[in-house]
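**Student:** Need coordinates for the following:
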Amino acid sequence: MGDDEFKELYGRMRQQVFSFAAVRLSPEQAKDVINSTFEIVWKKRDSGPSDPAEWPAWVFGIAKNQILQEAQRIRRKHHDNRFIDESALDMARDPDIAEIVAVSDTARWVWRQLTPAEQHLLNVAFLGTLDKTGAAGLLGISVTAYTTRVTRLRQRIASLHADNQSGEEARRA
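**Tutor:** Numbers count the residues shown, from 1 in each chain. All right, here's what the predicted structure looks like:
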């Protein structure tokens with residue numbers, strides 16, 4: 001992978017990696033994941049896939065590892081600081097971020113309600129760059145099964161989101 005190919009890959013996938021990470025982490029932590037992910041992609045560019053069609057899956061694999069490492073770091077930090085709520089500290093320092101945090105909190109809540117299989121399907125279906133055939137192949141299922149599962153996942157996410165919104169309204173009342 002050359003310099004121009006890396007720049008193109010970064011430009012094309014930066015927002016996707018951010019979205020992938022922001023579901024699981026705060027916006028600031030998601031930005032850190034972007035940086036660390038693409039730093040690793042750059043360092044390993046010569047040992048990565050030679051086929052450019054495989055680069056997005058490779059990048060998401062690296063991003064997933066970076067997210068896991070960041071989550072472990074957060075757990076250690078929280079343990080060391082007696083479980084201080086980092087998002088509350090961020091809001092106290094910068095109240096302009098409140099809207100972003102609210103959206104991210106809802107997305108993280110929905111994410112935590114999904115089963116591991118649903119989380120994996122979400123990653124492949126909505127946060128990747130694969131078409132239906134490639135995504136079905138990655139999951140080891142037929143395209144028909146893939147589209148059925150994605151439809152069911154959309155319905156489940158919509159239901160979870162509605163449940164969360166009605167719960168928020170009830171808490172406000």
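
**Student:** Name the SS class of the residue nearest to the spatial centre of the chain, please.
**Tutor:** In the chain, the residue lying closest to the centroid (CA atoms, centre = their mean) is residue 20, at 1.9 Å. Assigned with DSSP: H, G, I helix; E, B strand; the rest coil, residue 20 falls in the helix class.

**Student:** Is it correct that it is in contact with residue 59?
**Tutor:** No - Residue 20 is beyond contact range of residue 59, at 9.6 Å (criterion: CB atoms under 8 Å). C-beta: built from backbone N, CA, C; applies to glycine.

**Student:** in what helix or strand does residue 12 lie?
**Tutor:** Using DSSP states H and E, residue 12 maps to helix 3-22.

**Student:** for residue 145, that is, sorry about that
**Tutor:** helix 143-172.

**Student:** That helix packs against which elements?
**Tutor:** Counting contacts by 3 or more CB pairs under 8 Å, 6 or more residues apart in numbering; DSSP states H and E, helix 143-172 is packed against helix 98-113, helix 116-126, helix 132-139.

**Student:** burial measure for residue 3, as a count.
**Tutor:** Neighbours of residue 3 under the rule other CB atoms under 10 Å: 9.

**Student:** Could you measure from it over to residue 56?
**Tutor:** 19 Å (CB to CB, to the nearest Å).

**Student:** Quick check: the spatially closest residue to residue 59 that is not a sequence neighbour vs residue 66, distance?
**Tutor:** Using CB to CB, 6 or more residues apart in numbering and skipping the chain neighbours, the partner closest in space to residue 59 is residue 13 (5.5 Å). Using CB to CB, one gets 13 Å for the distance from residue 13 to residue 66.

**Student:** Nearest spatial neighbour of residue 106, chain-adjacent residues omitted?
**Tutor:** residue 164 (5.7 Å).

**Student:** Residue 145 now?
**Tutor:** For residue 145, the closest residue by CB to CB, 6+ apart turns out to be residue 136, at 7.1 Å.

**Student:** any idea how far the one you found lies from residue 122?
**Tutor:** Taken as CB to CB, the span from residue 136 to residue 122 is 15 Å.

**Student:** for residue 26, same thing?
**Tutor:** 19 Å.

**Student:** How is this protein divided into domains?
**Tutor:** If you go by automatic domain parsing, the domain ranges for the chain are 1-96, 114-173.

**Student:** Identify whichever of those domains lies nearest to residue 108.
**Tutor:** domain 1-96 (6.4 Å; CB to CB).

**Student:** Would you mind checking which helix or strand in this structure has the lowest mean pLDDT?
**Tutor:** helix 86-93 (a mean of 45; mean pLDDT, DSSP states H and E).

**Student:** Sketch out the low-pLDDT regions of the protein for me.
**Tutor:** 74-105, 127-130, 167-173 (pLDDT under 70).
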